[in-house]
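Visitor: what's the 3D shape of this:
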Amino acid sequence: MLVLYHNPPYMKVKFITEPRSAFYATVRRRADAYFSQHNIAPYANAHMWGKIVFFLAGYLGLYALIMSNQFGGWAMLGMAMLMGAFAAFVGFNVSHDAIHGALSAKGWVNRLVSTSFYMIGANPYVWKITHNIVHHTYTNIPGHDEDIDVAPGLIRLDPTEGHQPWQRFQHLYAFPLYGLASLSWVFRKDYLKFFKKEIGSSHDNSRHPQQEYVNLFVYKALYYVAFIVLPLIVLDITWWQFIIGFVLMHLVEGLVLGLVFQLAHVVEGTTFPMPTDQGSITENWAAHQMQTTANFAPNSLMATFLCGGLNRQIEHHLFPKVCHVHYPALAMIVRQTAHEFDLPYIENQTFASALGSHYRLLKKNGTAMAMSDAEKQEAAVNFG
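Guide: All right, here's what the predicted structure looks like:
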């Protein structure tokens with residue numbers, strides 16, 4: 001049988017096995033049957049490898065054009081901003097699948113393609129811990145899923161979090177802050193996560209292979225040389241022109257990254273379940289994913305092409321080891337099975353509607369006061 005599912009390897013929070021435990025077994029069996037009946041593997045196909053070549057060539061090609069020093073300042077600025085978008089698309093379409101092991105049954109292929117993450121200034125080892133293990137296991141659980149800790153104290157995504165007066169304006173300033181995500185990732189986030197002893201109060205992060213210490217600093221240094229030192233040496237621009245180009249490149253990248261990830265988990269209908277005092281979530285893991293995850297623009301060819309299947313986040317969370325080119329076929333299976341088990345299948349039909357839903361949730365969470373202890377306990381038991 002194909003191994004298409006996620007098995008959380010480490011946790012302090014526990015998911016109960018009932019009710020609706022048969023949902024996951026059923027949807028896995030039907031997904032296995034789909035691949036078997038069509039005689040296809042759940043990994044990358046020719047279309048996927050074509051996407052990988054396209055996005056890597058676009059990213060590296062834009063870098064080469066800028067570094068050729070054959071263009072004026074405005075043209076290089078435009079290419080730098082476009083390169084920021086391509087950096088996000090490389091992350092979505094190339095690195096993300098590879099780090100999940102979804103490109104190939106051969107581990108070395110996935111590891112090789114995973115190194116593309118270094119090219120955009122990020123660390124694949126740290127991402128595997130924070131995203132593959134922690135986020136995919138503890139999705140939207142306050143205090144455990146650090147992906148919902150966006151600018152703590154400034155942006156309040158979790159309704160159980162304490163409320164600050166300025167957060168009533170967060171629906172206005174959150175989007176510019178999302179643009180800082182990439183700069184934070186390149187200069188701060190990876191170091192911070194790597195040296196934390198525990199990720200999300202759930203994952204022991206105190207031990208790393210010695211090689212990963214080397215990789216963290218060496219590849220970060222190489223990125224700084226390629227994107228800071230060399231441009232300042234080679235390009236016929238002033239230092240302030242370089243700063244404008246570098247910052248705008250990352251603002252574009254950060255905004256694209258931030259919006260795609262927020263629209264998948266922080267929209268109307270998704271939940272932020274609190275563990276009970278015993279550390280339990282009163283649902284099984286798969287049902288929990290259905291209640292905390294949403295799709296957006298599922299029928300948009302452009303969104304599917306650019307976002308690397310992350311617009312079908314439900315299918316991704318249930319089948320993270322399946323390449324995203326197969327998500328449209330799996331979506332029909334997941335939707336039907338969810339309805340049979342009376343589980344939600346949260347979907348915004350367009351990018352604009354998902355954006356509006358996220359905006360309204362930001363506004364709501366910015367004005368609502370924090371839950372009382374009694375309300376938190378109730379949410380822990382009845383968050384559906």
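
Visitor: once you drop chain neighbours, what's closest to the residue nearest the centre of the chain?
Guide: Centroid-nearest residue in the chain, with C-alpha atoms, centre = their mean: residue 261, separated by 4.9 Å. Using C-beta to C-beta, 6 or more residues apart in numbering and skipping residues adjacent in sequence, the residue nearest residue 261 is residue 147, 6.8 Å away. In short, each C-beta sits where N, CA and C put it, glycine included.

Visitor: cool, residue 308 as well?
Guide: residue 92 (3.3 Å).

Visitor: doesn't residue 307 make contact with that neighbour?
Guide: Yes. Between residue 92 and residue 307 there is a contact under C-beta atoms under 8 Å: 5.4 Å.

Visitor: joint contacts of these two?
Guide: residue 260 (C-beta atoms under 8 Å, 6 or more residues apart in numbering).

Visitor: longest helix in this structure, please.
Guide: helix 239-265 (DSSP state H).

Visitor: which strands and helices sit next to that helix?
Guide: helix 73-90, helix 170-178, helix 181-184, helix 230-234, strand 294-296, helix 351-367 (3 or more C-beta pairs under 8 Å, 6 or more residues apart in numbering; DSSP states H and E).

Visitor: angle of that helix against helix 73-90?
Guide: 30 degrees (axes from the mean of the first three to the mean of the last three C-alpha atoms, to 10 degrees).

Visitor: which residues sit in contact with residue 111?
Guide: Contacts of residue 111 by C-beta under 8 Å, 6+ apart are residue 98.

Visitor: oops, could you answer that again for residue 120 instead?
Guide: Applying C-beta under 8 Å, 6+ apart, the residues near residue 120 are 59, 87-88, 90-91, 95, 253.

Visitor: for residue 40, see how far away the residue nearest to it when sequence neighbours are not counted is.
Guide: Counting by C-beta to C-beta, 6+ apart, the nearest residue to residue 120 once its immediate chain neighbours are dropped is residue 87, at 4.4 Å. When distance is defined by C-beta to C-beta, to the nearest Å, residue 87 is 31 Å away from residue 40.

Visitor: do the same with residue 356
Guide: Distance, residue 356 to residue 40, using C-beta to C-beta: 37 Å.

Visitor: check the contacts of residue 120 and tell me the two furthest apart.
Guide: 95 and 253 (12.9 Å; C-beta to C-beta).

Visitor: which one's more surrounded, those two?
Guide: Ranked by neighbour count (other C-beta atoms under 10 Å), residue 95 and residue 253 place residue 253 first, with 28 against 24.

Visitor: now do the host helix or strand of residue 24: which elements does it pack against?
Guide: Using DSSP states H and E, residue 24 sits within helix 22-37. Contacts defined by 3+ C-beta pairs under 8 Å, 6+ apart place helix 22-37 against helix 285-292, helix 327-340.

Visitor: low pLDDT regions in the stretch 151-300 of the chain?
Guide: Within the stretch 151-300 of the chain, no stretch has pLDDT under 70.

Visitor: and if we set it to 90?
Guide: The stretch 151-300 of the chain contains residues with pLDDT under 90 at 151-153, 157-163, 198-206, 273-284.

Visitor: all strands of the stretch 101-250 of the chain, in order?
Guide: Assigned by DSSP state E, counting those that start in this stretch, the stretch 101-250 of the chain shows strands spanning 198-199, 203-204.

Visitor: for residue 244, which of the ones you listed is the nearest?
Guide: Going by C-beta to C-beta, the one of these nearest residue 244 is strand 198-199, 34.7 Å.
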